[in-house]
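*Asks:* Mind folding the following:
(chains A, B, C and D)
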Protein chains: 2
Amino acid sequence: MRLSQGVEWAIHTCLNLTWLGAERGVSTSRLAEFYQLPPAYLNKQLQSLVRAGILASTPGRRGGFSLARQPADISLLDVVVAIEGPDPLFRCEQILRAGPGGRPDVDYREVCLVSGAMRRADLAWRQELASRTLADLKADVERSFPATPDATRDRFAELHER
Amino acid sequence: MRLSQGVEWAIHTCLNLTWLGAERGVSTSRLAEFYQLPPAYLNKQLQSLVRAGILASTPGRRGGFSLARQPADISLLDVVVAIEGPDPLFRCEQILRAGPGGRPDVDYREVCLVSGAMRRADLAWRQELASRTLADLKADVERSFPATPDATRDRFAELHER
DNA sequence: GTAGGAATACTCGGATAAGAACTGTCCGAGTGGGCGAGG
DNA sequence: CCTCGCCCACTCGGACAGTTCTTATCCGAGTATTCCTAC
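*Replies:* Have a look, this model is predicted:
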């Protein structure tokens, strides 16, 4: 069990977009080339981010993707949920229903204490992810690696020259 | 992305074993029949628990599985790790290595701040799971559903009669 | 020289295959009990 | 009646398929640029 590769791509790509300024969109091919990623598959992940309202896409000749919201309004949980979907890590299949005294009309996802304990852990994970926004991460990177914003902008400028 | 079905089976089965007493092992077929689970596949999960040192197995005519440790010494994290493996939820593939200024000799799982943020969430999840033992869960169930221990023992007694 | 328009190059978007992981099943190795024969 | 030994039933354990999900790719719809032609 592990999260999709797309989560890593999505977070780093969104972070790059915070440094590029949103005056105009950046195409999938440029975003993919930045990390040597397969463009078509990255495009698939970006579409998920658009559906989630995190990115905005503009079609056509000079189209591309840009952040749809302020970085401070985008949490890591938003990105993870956009890629992985809203389902919890642990899915209770209600096996208590098949045990002694199991009732078909009871929702054991609410009653079962095992399910409850797993849901609490799930919640701790989500709360930690929700507490960190793209703006926080951007500030942390700029504090630890001050050269990153300029290096990122320069690299994208090179990619645009081609 | 979601945890294996086996996690739910493993936790409930271990919980049942805490009520049965460890005087002698319980066979896979009985444990499976309790929840109407496929016996061979449950056996696969139980083997993982044995390898993790959570259960002990005795082969032969009257063999079966029993808890290898005290319920207070078995956390939910132990069971989850036994079934799912030790890998973190988020796997950092170090895509920064392919970006501008990426160095082949740097371990970006330690340096990358995105990876760090995801690891922190992972840790919150694991800490929550590690804080709850089988003994805690057993006590909670007995407090909320006092009839469960006897009902469980009775049901297993029926299964043994066959 | 200028305006209009058609061709074009580049973009996103969803529909379509290959690979891996989870799910499910089967059969062999090993052990302990049960039955029968002999004393 | 008791003891010994063989046979058998039942167990775990790892090797073997089916199905779902992740990964990867391709082609069509749409738009802004760009070039050409007519005025």
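*Asks:* mind listing the helices for chain A?
*Replies:* Ranges of helices within chain A are A:5-20, A:28-35, A:39-51, A:76-84, A:108-111, A:113-130, A:134-144, A:148-161, based on DSSP state H.
*Asks:* Let's have those helices in CSV, adding distance to B:S144.
*Replies:* No exception for glycine: its C-beta is placed from N, CA and C like everyone else's. What follows is the helices of chain A, written out as CSV (distance: least, C-beta to C-beta, whole Å):
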stretch, distance to B:S144
helix A:5-20, 37
helix A:28-35, 50
helix A:39-51, 40
helix A:76-84, 31
helix A:108-111, 9
helix A:113-130, 7
helix A:134-144, 40
helix A:148-161, 52
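*Asks:* Which among these is found nearest to B:L46?
*Replies:* Closest approach to B:L46 among the helices of chain A (C-beta to C-beta): helix A:113-130, 17.0 Å.
*Asks:* what is the mean pLDDT for the closest one?
*Replies:* The average pLDDT within helix A:113-130 is 97.
*Asks:* re earlier: can you say which of the helices of chain A is nearest to A:G63?
*Replies:* Comparing those by C-beta to C-beta, helix A:28-35 comes nearest, at 9.6 Å.
*Asks:* residues in contact with the closest one?
*Replies:* A:9, A:12-13, A:16, A:37-40, A:42-43, A:46, A:64-65, A:155-156, A:159-160, B:95-96, B:98-100 (C-beta atoms under 8 Å, 6 or more residues apart in numbering or on different chains).
*Asks:* Between helix A:39-51 and that helix, find me the angle.
*Replies:* Relative orientation of helix A:28-35 versus helix A:39-51 (axes from the mean of the first three to the mean of the last three C-alpha atoms, to 10 degrees): 110 degrees.
*Asks:* Next, the buried residues of helix A:28-35.
*Replies:* Residues of helix A:28-35 classed as buried by neighbour count (16 or more other C-beta atoms under 10 Å in any protein chain shown): A:28, A:30-35.
*Asks:* now do stretch A:121-138
*Replies:* Across stretch A:121-138, burial judged by 16+ other C-beta under 10 Å covers A:121-122, A:124-126, A:128-130, A:132-134, A:136-138.
*Asks:* Check the residues you listed against DNA strand C and report the nearest one.
*Replies:* The nearest member of those to DNA strand C, counting by C-beta to the nearest atom of the strand, is A:D122 at 16.6 Å.
*Asks:* Show me which residues of chain A sit near DNA strand C.
*Replies:* Neighbours of DNA strand C within chain A, by C-beta under 7 Å from any atom of the strand: A:1-2, A:25, A:27-30, A:40, A:43-44, A:46-47, A:50, A:57-65.
*Asks:* If any of those are buried, put those into a ChimeraX selection.
*Replies:* In ChimeraX syntax, the buried subset of the residues of chain A next to DNA strand C is picked out as below (16+ other C-beta under 10 Å):
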select /A:25,27,28,30,43,46,57,64,65
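*Asks:* Kind regards, and thank you for your time.
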